[in-house]
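Visitor: Give me the fold of what follows.
(chains A, B and C)
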Amino acid sequence: MSADPSAFRFVSTNRRVREDRRFVVGRGHYVADVALEGMLHVAILPSQYPSARILSIDSSAALAMPGVHYVLTGEELVAAVDPLMNGLDTPNVKRYPLAVGQTRYAGEWVAAVAAETRAQAEDATEKLRVSYEQLPFVMDAEEAFKPDSPPVHPAHGSNVLLDKTFVWGEVEKDFAESPHHLSFRVVWGRNSTVPIETFGVAASWDPWREMLDVWASIQMPKYPDQIARALRIPANNVRVHQDVDVGGSYGVKRGIKHTVLVSHLSRRLGRPVRLIEDRLENMRGGDQHGPERIFDVDIAFNDQGIVRSMKMRALDNAGGYAGRAPFQLGKPIGAIVGPYKINSVQYRAQSVTSNKAVQEAVRGFGQSPTNYAIETAIDKVAVAIGLDPIEVRRRNFIRKDEFPYLIPSGTSYDSGDYHTVMEKVLTHVDYVALQKERDRLRASGMLAGIGIAACLEPSGGNSSFEPLLNEKNTTTTWMDSCRINIDGAGFVTVTIHTTSAGQGHETLVATVVGEVLEIDPDTIRVVRPDSLACLPSNTPVGSRMAIMLGGAAFHAAQKLKAKFIKIAAHQFGCKEDEVGYSGGGVAATQRKDHLSWADLVGIAHRNFHLLPAGIEPGLESTHVMQVPTGTKLPENGRVQMYPCHSFEFHVVLIAIDPVLGKPDIRRYVIGHDCGTVINPHIVKGMTLGGIAHGIGAALLEEFVYDGEGQMLTQSFMDYLLPSSHEIPKVEIVHHCTPSPYTVFGQKGSGESGYLGAPAAISNAINDAVRSLGISFSKLPIRISAISDAVAAAKQDKQ
Amino acid sequence: MKPAPFDYVRPDSLVEACELLAADEDARVIAGGQTLVPMLAMRLARPVRLIDILRLGELTGIREDSGSIIVGSTTRQAIALQDPLIRKSVPLLALALPWVGHPPTRNRGTVGGSIANADPSAEIPLVAVTLDAAIEAATPDDSVSTPADDFFIGPMLTTIGMGECISAVRFPVWTYKRIGVGFHEISARRSDFAFVSAAAQIATDEEGRCLEAALGIGGVGDRPLKLDISSLLGTRLDAKSLTEAVMAAAIDLDATDDLHATADYRRRVAVALCTRALEDARDGANGGEPRGVAR
Amino acid sequence: MKIELNINGVHCASDVEPRTTLLDALRDDFLLTGTHAGCEHGVCGACTVLLDGEPVRSCLIFAVQADGYEITTIEGIATSPGELSVIQDAFCETHGMQCGYCTPGMILTAHALLERTHDVSREDIVEAISGNICRCTGYGQIIEAVEFAADRLKKSNAPRRNKTAKIRSVGGHDAPERGILEAAADAPGTGPR
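Guide: From the prediction side, this is the model:
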């Protein structure tokens, strides 16, 4: 495949994203738009305490309220449904949609009211009388790790969900032989992607058809399977409608607890039931928080600033239940050395329960916090040796000619050209001039700093981190699929088998199929069948769809092309290698014979007597594709994680008024290499959106709990989302290093920008304050913290 | 987040509104709703009846009267922001208004609503306190006027009593020839509730000597405060005088400590923003373009 | 309580509880689901509609307060079935969205801005949309969409409509529309006339 975009007719060209058309007229089809006859609405009663035994729930007053049909408690659920899936081998950490016997965090869902309207359901929740016995609680991860901390799940015996150490390479030897060591801690505060649309689900159980219909704002692999398993019904009794538009997810919309809850109610009440989280339910009890992680890092390096070895302890605060938190410690193993030639690594992954809300998969699945730790390390090496942070990276980067590059933890990086991307960015930004600008700002009395971050976006997600952290899990298949049908009139319809949350998948497959069949993508219809009519898919996680959906569409289209060729060769009476497909028709290379698209369609659909033997009538093809690499289970704690690795290089200039303490991003440049870009608009959007998320994580967003275990940031008044004022104009510098493993050389870009922005911003702020002898090692970095630290440092100097 | 149920009534006159308020202690006024409705949605406020005054003609409009600008309480912030009378005669309010919320909230939110809400970091109460404005309220039989500094007594707390409805804010007009204004605020995001805000208005003579100076801060403690900077009178408002005056006024301020900012931060930044606001006001009075003028 | 509202030029009537927001009435009573709920406490702007041409948060207005205004929702913006307004088309041209959830609010806000003037700087756009939160795009392509639309409107043949906006521009009157010759003179690469 070529790195040159002009080699393609449709791929890499500026084509409109077709999904946009329905959105600009307000005709998206979101779950709250789904109206079902007789539908009931659910509101939730949250718990007040971080840890308490539920002694009794009196629903009598609630049931007497107008419009109320039912009150559901955990006691009923535990008898009717199986616990929600837990990927770790921790059978005593059980999770149900409602608290069972005990609540484990303030805001946990204790009871659900179903009523004619949402307002009536809310009115009724206020009439529920719950009697609690408060229990000791623990909020802090380091406290929770101690054996004497109050266990969130007493049956599990401790708060430790996971404590696994990997040693890849001769770590101790590398440390012993390195002249320099340094150690530090950084903390990634609890935040999340917080989409503007909350999670919602509507379910309708038809007892005569024995079918559960589900509409949800969902981004989750194996969603129908998990619903079926929890409800103890056959998986082909569950039909998920995938033509629901998801109003943003970035990983977190996995509301399996919401789904099981409404499905159970629908089954119980014989009516459709809907739960749309309100913002309070979402923030404190929706279980869509992200990582909250302490990194203790030691690195060993030499006088040239070459980092030889790294020890990293990552302690993550999972909250009240396992959720996806533990695995968010595992996925970063696939890029644990970042873009650097670090020779050996020791990695200790620790996940603990505490009395906080539960985590869900957040964009990057733990990679961004890990990059924050790695990039902080590199900057500290630069300071220790007295080198420019650019130069340290230059010296440590994997070189272009060293790919595929096997990292100590077993993943092979497919391709990359980090030095070129970096040089392109430095040229574009005029690094020397940028440094002069920084110095000019400093001379004028401001604090000013340049922050650099270089990191990878592993893409093409499989789930190899699961068997790595849980040996009982032997899953290596992580497929995706596409089906193409050319109908009797010659029109093309493609099906995709997942929901989307704005990633432009319809545009993606139409472009790919159009490219292969050499027909205008705008004539291709893309639809999403429900889950029963679908082929297998593992949904857009792990930045995988450009690779997997693109790949499946490509191969399905190639199969159709091959069928055209077979049909034509048979017509012409020549061999298949004597005909050529071009622009929707097939011509014989040596003769004048030619069959047009319409001719071929006619033969396939109507002239069975003209078909070659063994060819099915019609023009339909499917392709189910496995992730390109990573077909093996882990061995000795090593595994090939994702197949493809995009690269990003951030340069940020920040100015800070030393008294006000508010960081002002003066310049933001990102170099981005995701291989061949299928649709430039989509990739640009992902990158800019990812950087905005990163700015939020670095400076503004945090779920804060107080000493009483109460969450203080329950609404958008306290959880601060960046507005247009907070996001600077970002300049993107492109480069293309294709992947050898994908059909067009494409790599993923669903997480781009987010993976390196927090690190770059942190490094910039630390560069700005370094001369005062201070630094910040916890995100988000609040303006008050900056101002207070600067004032204290200046006082110390006096 | 649906509010608890309430009745809704739209009185035809201010008198009727006050009578309705006096008759029921669980009744509340609604005008623009930008601060009230979120509280209703979160069920932090549960009035049994809402009395909608937004369309009462008596309460809207901006006029001049006896050396003051009277701003009707239901005047929308967006209207006030562009009003030529306010720009000319209450420039400090004109300078502060673009910092109030966002364009869509200013399209609906009212001047009186911001005063009644009494958020410690709100800009309109700060300007009212700084300029010694008077808050006029109607009662069923009468009306009462309270100096702004007495009106705000705590976080979200005012002296408004049962049966009373804010009818107008009366801003005194400075009649000096040379007047300048300054306004600064700092928040995590633009247009959030400010951690600290400072408002200043200064009048100087032809030699640049200070004839009158007013300074107020918001967001630091539990209500907006007017600070005593009378030491500046007669001075040329040089850097040294400004610093001394601000330090003396801002020393030992009660400051809030919360998840967004520490008390130390608020005190430190109060000093900085007060100084900047005064500098801008001085420069504006002396004829130059003041720094930091918002739009 | 009975309500009678003017929505996109159509007279709409219903009977709602006083506590029903305009947002919920639009969606549930009038089946206009293009306006979205994001936070229900007036911060995110996904619920933005126009009242007499000005953007407001429909989650902070009760339906019983909304009579007597010209209410415009996203459903009232497209010029005819299957067609897009200049602004809607501009958002498609620059891909000024991803999931589409904040998009109706953004477009209405942009619409209100460009009804007032076509001479908008990047700062004007940033300020105008500062009350609409987007989690997908980082705002870049949204700002480009509004710039693109402003440019097209500046050069378009269609006369500016009488505005319904009660809040006038700062100058107190509308700036005259620039003719295409004047606009062309500003285009890069043109020399003095």
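
Visitor: C-alpha from now on. contacts and neighbour counts both.
Guide: Fine.

Visitor: My guess is residue A:252 contacts residue A:193. True?
Guide: Yes: in this structure residue A:252 lies within contact range of residue A:193 using Cα atoms under 8 Å: 7.2 Å.

Visitor: Next, show the common contact partners of these two.
Guide: Here residue A:252 and residue A:193 share the contacting residues A:289, A:362, A:363, scored by Cα atoms under 8 Å, 6 or more residues apart in numbering or on different chains.

Visitor: Break down chain C into its helices, ranges please.
Guide: Secondary structure of chain C, counting by DSSP state H: helices at C:22-24, C:86-94, C:103-116, C:122-128, C:140-155, C:180-185.

Visitor: With mean pLDDT, distance to chain A and mean neighbour count added, can I get the ones you listed in JSON lines?
Guide: As requested, the helices of chain C are exported to JSON lines (pLDDT from 0 to 100; distance: least, Cα to the nearest Cα, whole Å; neighbours: other Cα atoms under 10 Å in any protein chain shown):
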{"stretch": "helix C:22-24", "mean pLDDT": "98", "distance to chain A": "11", "mean neighbour count": "24"}
{"stretch": "helix C:86-94", "mean pLDDT": "98", "distance to chain A": "6", "mean neighbour count": "24"}
{"stretch": "helix C:103-116", "mean pLDDT": "97", "distance to chain A": "6", "mean neighbour count": "26"}
{"stretch": "helix C:122-128", "mean pLDDT": "97", "distance to chain A": "6", "mean neighbour count": "17"}
{"stretch": "helix C:140-155", "mean pLDDT": "97", "distance to chain A": "7", "mean neighbour count": "22"}
{"stretch": "helix C:180-185", "mean pLDDT": "58", "distance to chain A": "26", "mean neighbour count": "12"}
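
Visitor: As JSON lines, those helices with distance to residue A:22 would be great.
Guide: As requested, these are arranged in JSON lines below (distance: least, Cα to Cα, whole Å):
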{"stretch": "helix C:22-24", "distance to residue A:22": "20"}
{"stretch": "helix C:86-94", "distance to residue A:22": "10"}
{"stretch": "helix C:103-116", "distance to residue A:22": "10"}
{"stretch": "helix C:122-128", "distance to residue A:22": "24"}
{"stretch": "helix C:140-155", "distance to residue A:22": "16"}
{"stretch": "helix C:180-185", "distance to residue A:22": "32"}
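
Visitor: Looking at those, which is nearest to residue A:174?
Guide: Of all the helices of chain C, the one in closest proximity to residue A:174, counting by Cα to Cα, is helix C:140-155 (45.3 Å).

Visitor: By mean pLDDT, flag the weakest helix or strand of chain C.
Guide: Scoring the helices and strands of chain C by mean pLDDT, DSSP states H and E places helix C:180-185 at the bottom, with a mean of 58.

Visitor: Looking at the helices of chain C, which is nearest to residue A:500?
Guide: Closest to residue A:500 of the helices of chain C is helix C:103-116 (Cα to Cα; 16.2 Å).

Visitor: Tell me how far that closest one lies from the chain's centre.
Guide: Per Cα atoms, centre = their mean, to the nearest Å, the displacement of helix C:103-116 from the mean C-alpha position of its chain is 2 Å.

Visitor: ditto for stretch A:167-181
Guide: That offset, for stretch A:167-181, works out to 33 Å (Cα atoms, centre = their mean).

Visitor: start to end distance for that stretch?
Guide: One end of stretch A:167-181 to the other measures 18 Å (Cα to Cα, to the nearest Å).

Visitor: I'd like the average pLDDT over that stretch.
Guide: On average, the pLDDT along stretch A:167-181 is 98.

Visitor: now do stretch A:509-526
Guide: 97.

Visitor: Can you give me the end-to-end span of it?
Guide: 8 Å.

Visitor: How about that stretch and chain C, touching?
Guide: No: on the criterion Cα under 8 Å from any Cα of the partner chain, stretch A:509-526 is out of touch with chain C, staying 14.3 Å away.

Visitor: buried stuff in that stretch?
Guide: When burial is assessed from 16 or more other Cα atoms under 10 Å in any protein chain shown, stretch A:509-526 yields the following buried residues: A:509-521, A:524-526.

Visitor: okay, the shared contacts of residue A:252 and residue A:193 in CSV with distance to residue B:12 next?
Guide: Shown next, in CSV, are the shared contacts of residue A:252 and residue A:193 (distance: Cα to Cα, whole Å):
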residue, distance to residue B:12
A:289, 49
A:362, 53
A:363, 54
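
Visitor: now those in TSV, with pLDDT and distance to residue B:157?
Guide: Shown next, in TSV, are those (pLDDT from 0 to 100; distance: Cα to Cα, whole Å):
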residue	pLDDT	distance to residue B:157
A:289	97	35
A:362	96	41
A:363	96	43
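
Visitor: Among those residues, name the buried ones.
Guide: Buried members of the shared contacts of residue A:252 and residue A:193, counted by 16+ other Cα under 10 Å: A:289, A:362, A:363.

Visitor: Would you mind giving these as JSON lines with distance to residue C:57 and secondary structure added?
Guide: Converted to JSON lines, those look like this (distance: Cα to Cα, whole Å; DSSP: H, G, I helix; E, B strand; the rest coil):
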{"residue": "A:289", "distance to residue C:57": "27", "secondary structure": "strand"}
{"residue": "A:362", "distance to residue C:57": "29", "secondary structure": "coil"}
{"residue": "A:363", "distance to residue C:57": "29", "secondary structure": "coil"}
